[in-house]
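Asker: let me see the structure of the following:
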Amino acid sequence: MSDNDDYAIIPNPLYDVVFRYLMEDYESAKLILSTLLGVEILELHFEPQTHAEKITDPSVNREIRLFHLDFTATIRTDTGKEEYVMIELQKAYVQSDIFRFKRYICQNFQTKIEREVKETTTGQKISKKLPIRLIPIFILNFTIDCGDDLMLIIRKQPQGVFKGEIKECLSYFIEHLNYDMYIVQLPNIAKINEAEYKNDEYKSKLYTFLTLFNQQSIIDDKGHRLRVFKALFPKEYRRLIQRLQAASKENPDLEEQMNVEDEYLTEMINLQNDIAFLKDKLEQERKEKEQAKQKAEEIVKKVINKE
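Answerer: Predicted structure coming up:
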């Protein structure tokens, strides 16, 4: 498997070890988050190594580290407003990861930052710890039964009980007890046609970036390598391709680490299947007990009626 003038071979960025390497590059991380959110990122801070979740397999002498990436960033929205936010980026292969997502969001929802504010009575500036707005992003290799779009943006819009929709709400209270959520459904990339993004700059950049994760581009039996069409990527996005290619060169253990992730994923899928089987079995037993109970009640009624 080698590159040519038209195509590049990259390690699959759905793997945590590959994705982590990609996001450890400051300019790549900045470009990716800006593309996903559709905002300009003025400044970005992150420490992905501090958020490793270690899973040890006792049957073999090795471990796997699953990553979720937390960033703090100064962003400029399309209205020109600058804002300091926390961005949480997570990936998942299987739906059971939702419990991991909830745990991380709860942790980050409590994050505060030191800010200067005016004291209400004296008007003097004081230093105070304030909550920071959280923006979760989920890149999923499955769909969530919510339409066939490639990316969903979930926004909680206030709704008045008596007067209906509130068109503009700048409430600090609501903003910090709520959050927008971005969800990528990678399997739906095949359902997006050119007419749906070609005349929109944000959609075009977003689609281009997400093709890096297109699992239909896999070229090996293990799903470890993808072939991407170079001409599809504008110059600024070719940095991401180069960074992904560098992962294989700079990490001689990359293939083995991807194999370990495969084993973990297999175990997760098997566990999900076992849980689904047990749920079906318990439900069947419940129905049988309910039917037996109904029959017993009918027999009792017949006996009473005869008397």
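Asker: from here on, contacts and neighbour counts on C-alpha atoms
Answerer: OK.
Asker: where does pLDDT dip in the stretch 51-200 of the chain?
Answerer: Judged by pLDDT under 70, the stretch 51-200 of the chain has its weakly predicted residues at 51-67, 94-121, 123-131, 162, 167, 170, 172, 174-177.
Asker: tell me which stretches of it form strands.
Answerer: Counting by DSSP state E, counting those that start in this stretch, one finds strands in the stretch 51-200 of the chain at the ranges 52-57, 62-67, 69-76, 82-92, 112-118, 125-131, 133-140, 151-154, 159-160, 164-165, 181-185.
Asker: buried ones in the longest one?
Answerer: Same thing as strand 82-92. Neighbour counts over strand 82-92 (16 or more other C-alpha atoms under 10 Å) mark 84-92 as buried.
Asker: equivalent analysis for stretch 247-260, please.
Answerer: Of the residues in stretch 247-260, those buried by neighbour count under the rule 16+ other C-alpha under 10 Å are 247, 254, 257-258, 260.
Asker: measure that stretch end to end?
Answerer: Between the start and the finish of stretch 247-260 there is a gap of 17 Å, counting by C-alpha to C-alpha, to the nearest Å.
Asker: please enumerate the helices of the protein.
Answerer: 16-23, 26-37, 98-109, 172-175, 201-210, 235-250, 254-306 (DSSP state H).
Asker: redo the ones you listed as JSON lines? Include distance to residue 190.
Answerer: Putting the helices of the chain into JSON lines (distance: least, C-alpha to C-alpha, whole Å) gives the following:
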{"stretch": "helix 16-23", "distance to residue 190": "22"}
{"stretch": "helix 26-37", "distance to residue 190": "18"}
{"stretch": "helix 98-109", "distance to residue 190": "24"}
{"stretch": "helix 172-175", "distance to residue 190": "35"}
{"stretch": "helix 201-210", "distance to residue 190": "11"}
{"stretch": "helix 235-250", "distance to residue 190": "21"}
{"stretch": "helix 254-306", "distance to residue 190": "23"}
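Asker: and among those, the most buried is which?
Answerer: Among the helices of the chain, helix 16-23 has the highest mean neighbour count (mean count of other C-alpha atoms under 10 Å), at a mean of 20.
Asker: so residue 202 sits against residue 38, correct?
Answerer: Yes: using C-alpha atoms under 8 Å, residue 202 is in contact with residue 38, at 6.2 Å.
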